[in-house]
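In: got a sequence here, can you build the structure:
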Amino acid sequence: MEEKFSVKVTFNCRPAEFSRIHQGFSHSAAPTLSFYIRQVLLRGPVVVRYRNASLDDCMEELIQLRQELVQVTQSLELGVERLYPLRLIPEFREWIRGYQDDLKKYDSCLESIYRHIAQMSEQWSQE
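Out: The predicted model follows:
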């Protein structure tokens with residue numbers, strides 16, 4: 001069973017000192033400021049989180065790329081819908097089949113890109 005806290009300690013500090021304490025807390029994985037201060041005072045291990053700036057920049061680019069890919073996909077699908085009535089013309093049948101094959105390849109590449117973005121996003125959100 002977890003032991004309850006029975007002693008309360010308060011202390012005074014200057015605003016600049018509190019700012020440093022709070023900055024350290026905000027970069028840590030400590031759930032509360034009280035927990036963080038106990039860890040620092042008792043010289044316990046303090047887990048610090050940090051952000052990889054290059055990964056942040058990469059994620060911004062990938063998010064923008066994903067939005068652009070969605071727009072391209074919608075345009076391609078609209079093109080297929082508009083070409084569908086031409087399937088009755090023999091010259092266009094083969095072209096439409098090739099176009100649909102290319103669209104399937106594009107979709108598989110797009111799914112691969114989405115998986116990689118999701119993996120990087122998951123890794124990025126954990127940091």
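In: what's the closest non-adjacent residue to Cys58?
Out: Nearest residue to Cys58, sequence neighbours excluded (Cβ to Cβ, 6 or more residues apart in numbering): Met120, at 7.0 Å. (Each C-beta comes from the backbone N, C-alpha and C, glycine too.)
In: give the contact list for the one you found.
Out: Taking Cβ atoms under 8 Å, 6 or more residues apart in numbering, we find Met120 in contact with Leu55, Cys58, Met59, Leu62.
In: which strands or helices does the host helix or strand of the second one pack on?
Out: Taking DSSP states H and E as the criterion, the element that holds Cys58 is helix 53-83. Helices and strands touching helix 53-83, as assessed by 3 or more Cβ pairs under 8 Å, 6 or more residues apart in numbering; DSSP states H and E, comprise helix 90-126.
In: what's the average pLDDT for the helix it packs on?
Out: The average pLDDT within helix 90-126 is 78.
In: between it and helix 53-83, how big is the angle?
Out: Helix 90-126 runs at 160 degrees relative to helix 53-83, counting by axes from the mean of the first three to the mean of the last three Cα atoms, to 10 degrees.
In: burial of Tyr114, as a residue count?
Out: Applying other Cβ atoms under 10 Å, we find 14 other residues in the vicinity of Tyr114.
In: burial count for the spatially closest residue to it that is not a sequence neighbour?
Out: The shortest distance from Tyr114 to any residue other than its chain neighbours is 7.0 Å, reached at Arg66 (Cβ to Cβ, 6+ apart). Residues near Arg66, counting by other Cβ under 10 Å, number 15.
In: what's the answer for Glu111, then?
Out: When neighbours are defined as other Cβ under 10 Å, Glu111 has 10 of them.
In: kindly give a single ChimeraX line that selects the buried subset of the contacts of Met120.
Out: When burial is assessed using 16 or more other Cβ atoms under 10 Å, the buried subset of the contacts of Met120 is captured in ChimeraX by this command:
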select :59,62
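In: out of the contacts of Met120, who's nearest Leu76?
Out: Each of those was checked against Leu76 using Cβ to Cβ; the closest is Leu62, at 20.4 Å.
In: from Val7, how far off is the closest residue to that closest one other than its chain neighbours?
Out: If the residues on either side of it in the chain are set aside, Leu62 comes closest to Ile117, at 4.9 Å by Cβ to Cβ, 6+ apart. Counting by Cβ to Cβ, to the nearest Å, the gap between Ile117 and Val7 amounts to 50 Å.
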